[in-house]
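only geometry, no sequence info:
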C-alpha cells in the first residue's frame, strides 16, 4: 500500500507552531503516513525535539515567510512564495504531497488553494464544507464562505461534492441533501434558491427540499447546500449562539451558592455535551472542488484537531474522493450545457 | 389625551382565539386603550365572557373567514376580504384603528399589510424587524424575511427605520448600526454588502461597520441591517440553536441521578435565563415601512406575548415613529436621487 504524504502548514493558526507540531507527531504515531511541516527550520525543529519521533517520517520544509490573517489573501499568496502556506500548497500541486492542512488565514488558504493547486476541471467554484456536530447527527454546510455570490449551477455542484464526501467520509449510504431556504414550501426564497430547487428536484440526489435555518442544527439533514454568504452566517451563528449560551449559563451558575453546587453536580453532563459537540471530532473543513486534498483546520485548532484533520485527509485520499467528483461531474455538467 | 385604538386578529397564531382574547383583556386592564378583536362573533364572544371586561373598551368585529398558514399569502388576502386578518388591516387603512397585531401567517400578514395598509411614500421595501434578547443587550435584525432580494438602497432605508425604532421604543440615544457580513474588514462580502457599506459610512448613522454572525447574539450592536434572506437565517438559527442546546442539556441531565439532582439545584438559574431570553418581552416584530402600525406577533404567542405586543404598539403610536420615518426619509432619499 502506498504511504500517504501530508504537508501541514506549521505557521498557521492561533497555536502555531507548538500545537501543529504536536498534532503531526500524534498522527504520525497513529497512522502509517509521511508528514511534512512547513515553517522556519529552527523553530519547527525546536518543537519537534520535544518529542520522540521517527525523523524519517516527519520532514521539515524550510519556509521563511508567514502570511498573517490581516494581509490581503490573494496578494499575500502571490507575493510570499516562501511562506509556510504557499510552500505547502506547491507541494500538493507538484505531487510531492497528497494533501495539505492549514489552520491559518482562511482567505489566504482558499485563494492559495485555488490559485496554486487549481480547480477540478468543470468545477466553477470550489466550496468550503465543514462537518459540524448536530443534535441528532453531524451535518455538512456547503459552501461556508468561499463564494459570497453564487449561481444555481454552483449550488448543484456543491450538492454533488457534499453528497460524495458525506458518503465516503461520514459513511452515510444515501445522504439527504437540503437547500437552506427561508421557508419549507417549494417556490419560497430568492431567485437563487428557487432556481436551484427546480434543478435539484430533477436530479439523482436524495433531495429533501428546503430546510429552514431553525432545523439545521438538529442534523436531521446530512448536507445543507447554500451560497457562501448564507453558509458563513449559519456557521458563525452556530458558533456564536452556542458560545454565548454556555457563557450565560456559567455566569448565572457562578452567581449563587446553590448555582455553584448545581454546576458541580452537572459537571459530567456539561463535559459530555462539550465532547459530543466538539467540532474537532470531524477534523477541518474540506475545500471541495480543488484538484488536491485541501483541509482548512479551525484557527483555534489544538494538537487533537490537527491530528484529526490529518486522519481526515488520509480517509479523503484512500476513498478517492477527487476521482469520484471528477467522474460524477461530467454527468451533471452535461445536463446544464 | 387621545385613546389609542388597537385591532387584534383574533384568529391568528397557534393559540387562537383563547390566548389572543386573554392578552387583549390583560392589556385593556393595564392601559387606557380601546381594543377591537376580529373573528367569528360567537367564538370570540364565548372567550370574552370568561373575563370580567369593560365591554365598551373591547369590541368584537365579526369576521367569518380565516387565513391559514398553508394558503398562498397574496391570494388569500385578496380573496378573503372577510378574514380576521383582512378586516383588521382594513380598519387601520380606514383610520378606524391606530394599530394592528396578528400572530397568524407571516406571509399573509406582510403581503396584506403592504397591499391594504400600503407603504410609506418613499419606502421601497417595508421590513420585518424583531427585537431579540442578546447576551449583553437586546438587538434588532432588519429585515428578517419580508424581502428575500434587496438593493443597497433598501438596506439604507432599513438602517434609517431601525435607528428611529430603536431610539424611540428601546430608548437608546444613538443606536449602533451594523451591517451583517462575512468578515469584519471593509471590502468583505457580496456586491450588496460592499455597496451598502460604502453608503452607510457616509451617512449620519452611528455605523460601526461589518458585524459577523458570531457577534450578533451578544447584543453589542443595536441594529443589524441585512437582506431578508440573511436576516431570516439569523433569526431562525438563533431560535433553532438555543432550542436544541437546551433540549440537549435537559436530556443529558435527566439521563442520570446525579444529573437530575444538579438540574433541580439549577432550576432557578435556568428559570432566570428563560426569563432573560424571553422574546415575548419585546412584543412582536414591527413591520416597518408600511403607513400604519403593523405588528407581527410570534405564531406561538401566549396571552403575555399579545399583551406586550399591544403595549409595544401603544408606544409605537405615542412616539410617532411613522411620522419620524417620513420626515427623516426625505433627507436620505435626496442623497440617492
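Alright, I've got the coordinates. The model shown is predicted, which means the values in this text are computed figures rather than measured ones.

Show me where chain A has its strands.
A:4-9, A:33-39, A:58-62, A:99-102, A:127-129, A:131-132, A:139-142, A:176-180, A:206-211, A:223-225, A:285-288, A:293-296 (DSSP state E).

pLDDT below threshold where in the stretch 1-150 of chain A?
Within the stretch 1-150 of chain A, the stretches with pLDDT under 70 are A:1.

Show me what from it comes close to chain B.
A:107, A:134-135, A:145, A:148-149 (C-beta under 8 Å from any C-beta of the partner chain). Quick note: C-beta positions are derived from backbone N, CA and C, even for glycine.

For the strands of chain A, give me JSON lines that also has mean neighbour count.
Below are the strands of chain A laid out as JSON lines (neighbours: other C-beta atoms under 10 Å in any protein chain shown):
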{"stretch": "strand A:4-9", "mean neighbour count": "28"}
{"stretch": "strand A:33-39", "mean neighbour count": "25"}
{"stretch": "strand A:58-62", "mean neighbour count": "18"}
{"stretch": "strand A:99-102", "mean neighbour count": "30"}
{"stretch": "strand A:127-129", "mean neighbour count": "28"}
{"stretch": "strand A:131-132", "mean neighbour count": "24"}
{"stretch": "strand A:139-142", "mean neighbour count": "30"}
{"stretch": "strand A:176-180", "mean neighbour count": "24"}
{"stretch": "strand A:206-211", "mean neighbour count": "19"}
{"stretch": "strand A:223-225", "mean neighbour count": "31"}
{"stretch": "strand A:285-288", "mean neighbour count": "28"}
{"stretch": "strand A:293-296", "mean neighbour count": "28"}
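
how about TSV for the ones you listed, with distance to residue B:30 added?
Converted to TSV, the strands of chain A look like this (distance: least, C-beta to C-beta, whole Å):
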stretch	distance to residue B:30
strand A:4-9	62
strand A:33-39	67
strand A:58-62	72
strand A:99-102	59
strand A:127-129	51
strand A:131-132	45
strand A:139-142	45
strand A:176-180	41
strand A:206-211	41
strand A:223-225	44
strand A:285-288	52
strand A:293-296	54
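
per the record, what domains does chain A have?
Chain A breaks down into these domains under automatic domain parsing: A:1-123+A:289-320, A:127-281.

possible to save the ones you listed as TSV with distance to residue B:92?
Putting the domains of chain A into TSV (distance: least, C-beta to C-beta, whole Å) gives the following:
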stretch	distance to residue B:92
domain A:1-123+A:289-320	48
domain A:127-281	26
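
out of those domains, nearest to residue B:89?
Nearest to residue B:89 among these is domain A:127-281 (21.5 Å), distances taken as C-beta to C-beta.

first vs last residue of that closest one, how far apart are they?
End-to-end distance for domain A:127-281, by C-alpha to C-alpha, to the nearest Å: 21 Å.

again with stretch A:9-18
Terminal residues of stretch A:9-18 are spaced 12 Å apart (C-alpha to C-alpha).

any idea how far residue A:24 is from residue A:51?
According to C-beta to C-beta, to the nearest Å, residue A:51 and residue A:24 sit 9 Å apart.

which of those two has more neighbours?
residue A:24 (31 against 14; other C-beta atoms under 10 Å in any protein chain shown).

ok, that one to chain B distance?
Residue A:24 is 29 Å from chain B, where distance means C-beta to the nearest C-beta, to the nearest Å.

My guess is that residue contacts residue A:39. True?
No. Using C-beta atoms under 8 Å, residue A:24 is not in contact with residue A:39; the gap is 11.1 Å.

Could you pull out the helices in chain A for me?
Along chain A, the segments classed as helices by DSSP state H run A:18-30, A:41-48, A:73-79, A:84-93, A:106-112, A:152-170, A:191-200, A:213-216, A:228-254, A:257-265, A:267-276, A:303-318, A:321-335.

Around the closest residue to residue A:66 other than its chain neighbours, count how many other residues there are.
Closest residue to residue A:66 apart from its sequence neighbours, by C-beta to C-beta, 6 or more residues apart in numbering or on different chains: residue A:11 at 4.6 Å. Counted with other C-beta under 10 Å, the neighbours of residue A:11 add up to 26.

All set now, cheers.
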